[in-house]
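[1] Just to be clear, the model below is a prediction. Sequence and coordinates:
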Amino acid sequence: MTGPDTGGPPPDAAPGLAGGPHGDLPEAAVRRLESSAFSSGLTVPDFAACLDLGLEPVALVQGFCVMQWGWYGSGSGYMRGMSPFAAASQNAGAYSETYQCPHGFVGADHRMWGQNLEQSWVEAAWAQGYGSSYGRMVEEAEQHGAHGIIGVVDRVSNVADTGTTEFHFLGTAVTVKGGPPPAGGVPWSTFLAGQRLTKSIEAGFMPVAVVASMASVRVWAYCMTEYLMEGNYNWAPPRPVPVDQVSRAHMAVRQLARKHVRQMLAGDELHGAMIDIAHRELSQGDEVIDCTLRGNRMRRFKDYDEVALPRPTVRLA
Amino acid sequence: MSDPSPTGADPAPPAPPAPIQGATDLPKDAAHRLEELEHGLFTSDLSVNEFLLVKEAGFHPLGFVMGSSIYHIGIQTRKWGQSQELSKLTEAMYTARELAMNRMEEEAEELGADGVVGVRLDVNYYEWGNDSAEFIAFGTSVKAEDGTSYRNALGKPFTSDLSGQDFWTLMQTGHVPQGLVMGTCVFHIAHRKLTQALGSMGQNTELPNFTQALYEARELAMTRMQDEAGQLNASGIVGVRLEEKSHQWGSHTIEFLALGTAVTKGSGEVTLPKPTTIISLDN
Amino acid sequence: MSAIPAPDLRAEMLRGAQSMAAAAPPSHERGITSDLSVDEALLIHAAGWEPLDLVCGVGVVSVPAGVWNWGRGMIDSASDSHDASVDIAAQQLRAECGKVKGHGVVGVRVEVSVHPHHVDVELVGTAVRPIHRKDPRGDDAALAMPFVSDLSARDFTLLLRAGWMPVGLAFGASFVYAPRRTAGTAMRQSTQNVELTNYTQAMYAARESAMEKMQRSALNVGGEGVVEVKVTEGPMRFARHAIGFTAWGTAVKLVAEEHQFVRPDMVLPLDDAVVQFEAESLRGTGSKGRRHR
């Protein structure tokens, strides 16, 4: 495990984003981390709580990555009319439901079949971006010999033009005074800081890592969905009709995100889960639904102490 | 429930400036809903905290009550250079709110309530209603569990804009709410003459026009509020709030609204519990 | 806050660090996911319940064409769509809760969006179940019909302690067209201070209708009362002459013999976080200036 005296990469190593334990960080990061003064992203109350726990902040660390959402070729499913079987090799095991039109032949324009399709290539790209960015933050922390990273803030946003997304992580690297380093030297991390972290530790939960996963489902609408979403049906008395295809896509995208996160938990618990939905309605009833689920992976290190119910009070101000 | 009147004509009742009276002012749906409440279901917009505190104070929520009125505020001519109360507008704002509050009280009476807590008075503007606004009053009606009547001097359920917490705290001090009292005054502030404005340009000076006008207007609003409290034989008003709004009239016309809850001292002996002092360590 | 002696924080942190020093043993636990904060999770535990999993339900129901064209009276199709959508979402939510053997869902976040051709409802919450004690409603009843409530975990705990339990979501919605005046009437009324009885009736009726539906849905799930009623109203974004009213709350029922009083203590906080009395607080839009957490 690298200690704080190791310094940066050898002077003639190429700066920038080559792979490897040091070479992946920009030069400026290495210079900043070599300085002996620490900076931290903690507010004053959070800083006080941190010291209470015996944690010492050592550095403000960050990780960054910009990904491009590309056209991945003929198997990408961005082409209209993709058959449910064509992308099987790229999309094996992904969620897919097809819908058949109940009418007979109506016309060339009529959408005879539709599909809800999990876009695993989009999910993989997101995971790569999020993972790289997180990994770089962890590397910076490792460089400082940190045991953990608290108060993590993650931000995913689109940069200017379409098709690029930036992932940014920021956190405060800390060491546990008198404590052992984590297994493999990889610092643990958590979104929590301050009182919330203190209470988690008191309750017997140790942060393991920040986990997140994104699920993306594309709805290729079939004729019924198209008509219902466009308000174009007039063959029956007007009444509300559940739009099954879209409802199921929404349910699936959330369940998938949850399933992916659960796979990353390896039996630990996820606390403080946050769900974000990005929903784009395209034309003719088609839509793309993206669901991101993020949270703190926590491991129980002791059984729950009995906690008494707090006394209710009324404030006089 | 669709409007029963034939296309284009107004329904029969005349347009009164006097407050509405009579029991059948409420729409059909209201009567039906209130009946359901009388059969034992209660509804309240109290939060869980407030609900528990209302129970602590010895009351039980009966039902969410509301009243509304869409009122058209007529034009009132005013002199450019004179500060004056626009009494027609004052009357309109007052009447509109009274209509809304009365309907809310009627609903509370239907339920046999002792009073209404957490009253909120809102004004909504809709794009299609020029010069008209909707005045709504909401609250939760409550009734004492032990059967004592807490109705006010006029025999009506009390109204108050106190939250559940404030209601409990007030009852702890041995005081009982009597009613939400309000005083309103719509005042036009004179525009200054050009020579006056030029004369005082660049100086630190009091603007006597404005001072006088705003002082008078506020006093009128507060006096009227106190008069209402007097009618209820109250010993005081708590939680007074003074709101100033221009609504849709432009910046030289302001409505001053003074609102508070009139209270009287209850009959029982009261020992106030000593509060504990704490320092909160949370953010 | 609690009567238990404060734990040694540094010792606890060291224990935590030690648990991370060795590689984790393989675990066959399912790995619960929960959107409760640690405070909420602790309160739930203190009340004898535990969180099980994050669950959600979504309903998308179409609105027939032409519904938003300006007409008269109530827009029944729109409220039917809204109700159907909430029903579907609640059903899905309860099904997910049932899959993890939960007795109910707390902290449900409700998002309703009305579009020109469809109404979408999304419900997300945490499924919970009692750990050691029995569910006051009976375990079989609870598993057959888990409760759904938008109460926070904290409010859920407070209610339980007072002897009450949530039984379900109460909701009601109604949509109405803004009434129209004829030109003649409009002219006549332009200088008068007068109540617009048409309008009043229409709005009042629509509001009452939404509240009534909410009450009925509370009765349908066996509630004795509804708390935390929230009413929203406003014109549709895409059709400003159509106004929607919704009323939401949690249906509750007394499960103990009688209501248990909480007997709160009065406290006087000494920190500056408390808003001092300011004359400014007498004016303004009516908020009391109290800081909310």
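    Okay, I see it.

[2] And the pLDDT at whichever residue of the stretch 1-150 of chain C sits closest to chain B?
    At 2.5 Å from chain B, C:Gly73 is the closest residue in the stretch 1-150 of chain C, using Cβ to the nearest Cβ. Every residue, glycine included, has its C-beta placed from N, CA and C. If you check C:Gly73, the pLDDT there is 81.

[3] Over to the one 3 residues further on?
    pLDDT, C:Asp76: 87.

[4] okay, now it: neighbour count?
    13 (other Cβ atoms under 10 Å in any protein chain shown).

[5] now B:Leu220
    19.

[6] residues touching it, list them.
    Applying Cβ atoms under 8 Å, 6 or more residues apart in numbering or on different chains, we find B:Leu220 in contact with B:85, B:183, B:185, B:187, B:256.

[7] Shouldn't the third one be within a strand?
    In other words, B:Cys185. Yes. Counting by DSSP: H, G, I helix; E, B strand; the rest coil, B:Cys185 is part of a strand.

[8] quick revisit: can I get the contacts of B:Leu220 in JSON lines including distance to C:Ser209?
    Formatted as JSON lines, the contacts of B:Leu220 follow (distance: Cβ to Cβ, whole Å):
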{"residue": "B:Glu85", "distance to C:Ser209": "40"}
{"residue": "B:Gly183", "distance to C:Ser209": "34"}
{"residue": "B:Cys185", "distance to C:Ser209": "36"}
{"residue": "B:Phe187", "distance to C:Ser209": "39"}
{"residue": "B:Phe256", "distance to C:Ser209": "35"}
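
[9] Of those, which is the nearest to B:Ala100?
    Among these, B:Gly183 lies closest to B:Ala100 (Cβ to Cβ), at 16.3 Å.

[10] Strand partners (parallel or antiparallel) of the helix or strand hosting A:Thr175?
    Mapping A:Thr175 onto the secondary structure by DSSP states H and E places it in strand A:164-176. Partners of strand A:164-176 in the sheet, by DSSP bridges, are strand A:55-68 (antiparallel), strand A:148-158 (antiparallel).

[11] Give me the most central residue, chain A.
    A:Ala212 (3.1 Å; Cα atoms, centre = their mean).

[12] give the contact list for that one.
    A:Ala212 touches A:130, A:154, A:261, A:292-295, counting by Cβ under 8 Å, 6+ apart.

[13] Save these as TSV, and put in distance to B:Leu34, neighbour count and pLDDT too.
    Formatted as TSV, the contacts of A:Ala212 follow (distance: Cβ to Cβ, whole Å; neighbours: other Cβ atoms under 10 Å in any protein chain shown; pLDDT from 0 to 100):
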residue	distance to B:Leu34	neighbour count	pLDDT
A:Tyr130	55	25	94
A:Asp154	51	19	91
A:Val261	48	24	93
A:Thr292	46	20	94
A:Leu293	45	25	94
A:Arg294	47	21	94
A:Gly295	46	24	93
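
[14] got CSV for those residues, with secondary structure and distance to A:Ala108 too?
    Output for the contacts of A:Ala212, formatted as CSV (DSSP: H, G, I helix; E, B strand; the rest coil; distance: Cβ to Cβ, whole Å):
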residue, secondary structure, distance to A:Ala108
A:Tyr130, helix, 43
A:Asp154, strand, 47
A:Val261, helix, 43
A:Thr292, strand, 39
A:Leu293, strand, 41
A:Arg294, strand, 45
A:Gly295, strand, 48
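
[15] For the residue in the stretch 101-250 of chain A that chain B sits nearest to, give me the backbone phi and psi.
    The minimum distance from the stretch 101-250 of chain A to chain B, using Cβ to the nearest Cβ, falls at A:Gln195 (6.3 Å). Note on A:Gln195: its backbone torsions stand at phi -60, psi -40 [degrees, to the nearest 10].

[16] Measure how buried the closest residue to it other than its chain neighbours is and give me the count.
    Leaving aside its sequence neighbours, A:Gln195 sits nearest to A:Ala49 (Cβ to Cβ, 6 or more residues apart in numbering or on different chains; 5.6 Å). A:Ala49 has 23 neighbours, counted by other Cβ under 10 Å.

[17] next one: the one 3 residues further on
    Here the number of neighbours of A:Asp52 (other Cβ under 10 Å) works out to 16.

[18] could you list every residue that touches it?
    A:198, C:9-10.

[19] Tell me the spacing between it and A:Arg300.
    Noted for A:Asp52: a distance of 22 Å to A:Arg300, by Cβ to Cβ, to the nearest Å.

[20] Tell me the strands beside the helix or strand harbouring A:Arg299, with direction?
    Taking DSSP H and E as the criterion, A:Arg299 maps to strand A:287-300. Partners of strand A:287-300 in the sheet, by DSSP bridges, are strand A:205-220 (antiparallel), strand A:269-281 (antiparallel).

[21] Now render those strands as JSON lines, adding mean pLDDT.
    Output for those, formatted as JSON lines (pLDDT from 0 to 100):
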{"stretch": "strand A:205-220", "mean pLDDT": "93"}
{"stretch": "strand A:269-281", "mean pLDDT": "88"}
